[in-house]
Each structure stands twice: as C-alpha cells, then as structure tokens.
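Sequence first, predicted model second:
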Amino acid sequence: MRGRFFVWAAVGAAIMALVALIAYFAVRAGYPRPYYETVEGSGQEPALIYAVMKAESGFREDAVSEAGAVGVMQLLPATAQFVCARDEIAYEPERLKEGEYNTLLGCKYLEYLRGRFSCTETALAAYNAGEGTVSRWLSDPNFSADGATLKSVPYAETREYLKKIAKFRKIYEFFYGKT
C-alpha cells in the first residue's frame, strides 16, 4: 500500500512538472525574438529592444499609429530619415513596414537617444514623447532636479509606456537572460 502511494505521488509530481513546463513555454511564446540577428548586432540590450517592440506594436510590421509612426518599432518617417542621414543608411520609406529594416532603424534611433540622454528611462521617454518634449521636461525643475533624469513624467501615455517597457524588459530577461 505504501509503495503505491509513492508511485502515485511521483506520477503526480511528474504531471505537475510537465504542466508547469508547458505553461512556461506557452507564456514564453507571447514574448518572441524576431529579427534576432539585427537586434543582437545592434549593440543594444536585446531585452530592452524586444520590450520596445512589444510595447510599440506587439511585433506587427504593418502597425501604423494615429501620429503616423510605422512598423514594429513605430518610427515616424522623419525620424527614420534622420537616423538614415546620421548613420549613412539608405533611406527607403517604402521599406519602413519591413520588420528587419524598421528594427535596424529603431535600434539606431534608440542608440542615438541613449547617447543623447544619460539615463535609459529618459531616452525611452524621448522615444515615446519626442526628443524635444523630453528636453523641455529636463529643463523644467518641476520634472527634473538635475537636468539629466526625470523625477516625474507629465504625459500619462509616456508614464504608462515606461511601465510597460520595464515590465516587458523584466519578462524578456526572465525568459532569455540578461545580455
């Protein structure tokens, strides 16, 4: 009798482990890593780039915002043109909805913003609200005590965006590790 109990306990534990493993991979599937070589080659932290993609478009290449931002990383055509001129990349507006091209330009733009703003969160705020807007916030003592970091973000949309990015980044780090 006692032996059967241990067998059933072992079977139950194995089933629970299998269910947990299936659940892990099912949830992980909601956090893909498209355009892997482009992201890895960007020199940016992959978890951050994928968090931006997930927050911006949910990985939809055909995404277009009300403001006219396009593709997986939601770039305005003017922003894409700026990045291309800055980094000597051919500007091909007809390719902005191609995931690989959009990701390359989005990574370059985020790299630029991270160089321009000393804090990653501030760079992400600029990615969402605009570089000029964030520069104004940094010069306002109501929003920045030091002119480099934001103590508060006046746009509700940008505050929520930063929360999403932080959440998605942690999830990517959990599933794929920090790199």
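Happy to help now that I have it. Numbering: from 1, shown residues only.

Going by C-alpha atoms from here, please, whenever you check contacts or count neighbours.
Fine.

Please report how far the residue positioned nearest the centre of the chain lies from residue 75.
Taking C-alpha atoms, centre = their mean, the centroid of the chain lies closest to residue 52, which sits 1.8 Å from it. Spatial separation of residue 52 from residue 75 under the definition C-alpha to C-alpha, to the nearest Å is 12 Å.

do residue 148 as well
Distance, residue 148 to residue 75, by C-alpha to C-alpha: 24 Å.

Of these two, which one has the most company?
Under the criterion of other C-alpha atoms under 10 Å, the comparison of residue 148 against residue 75 puts residue 75 first, with 26 against 17.

which residue packs closest to the more buried one, ignoring adjacent ones?
residue 69 (4.7 Å; C-alpha to C-alpha, 6 or more residues apart in numbering).

okay, now the one you found: neighbour count?
Residues lying near residue 69 (other C-alpha under 10 Å) number 20.

Quick check: next helix or strand after the one helix or strand in the chain whose mean pLDDT sits lowest?
For the chain, the helix or strand with the lowest mean confidence is helix 2-28, at a mean of 69 (criterion: mean pLDDT, DSSP states H and E). Downstream of helix 2-28, the first helix or strand assigned by DSSP states H and E is helix 36-41.
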